[in-house]
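Sequence first, then the predicted structure, then my questions.
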Amino acid sequence: MSDTLVRKAVRDGKGVAMLRCVDGPEGQTIVEAEVVGANGALVRRGPYTFRNAHEAFRFVQEATLALQYLGCVVT
C-alpha cells in the first residue's frame, strides 16, 4: 500500500471516528481505529491486521458505509 489511508467521520460538526490503514512490518496491512465514546472519551480499537491491502481497504469501506448510515460525513 505504501501510502497511509485515513478516513475521518464527523457527525453534527464533531469528530466521532478515524480509521487509518498502514503497511505492517511483515507485508500485512494494519487498520487502526479511534472512536469517540458517548462520554466524549477517545477509545482506540484494534489494530486489525489483514493479509493484504485489498482486505484492509474492504474493511475500511464497510466501516465507512456503516458510519454514513448512522448519519456521519466521512472524508
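Looks like it came in fine. Numbering: from 1, shown residues only.

and the spatially most central residue of the chain, helix, strand or coil?
With distances taken as CA atoms, centre = their mean, Leu19 lies nearest the centre of the chain, 1.8 Å away. Put simply, Leu19 is strand when judged by DSSP: H, G, I helix; E, B strand; the rest coil.

That one: what's it in contact with?
Val6, Arg7, Val31, Glu32, Ala33, Val60, Ala63, Thr64 (CB atoms under 8 Å, 6 or more residues apart in numbering). The C-beta positions use only the backbone N, C-alpha and C, and glycine is treated the same way.

Ala33 now?
Ala17, Met18, Leu19, Arg20, Arg44, Arg45, Gly46, Tyr48, Ala63.

Would you reformat these as CSV and include pLDDT?
Converted to CSV, these look like this (pLDDT from 0 to 100):
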residue, pLDDT
Ala17, 97
Met18, 97
Leu19, 97
Arg20, 95
Arg44, 95
Arg45, 93
Gly46, 91
Tyr48, 96
Ala63, 96
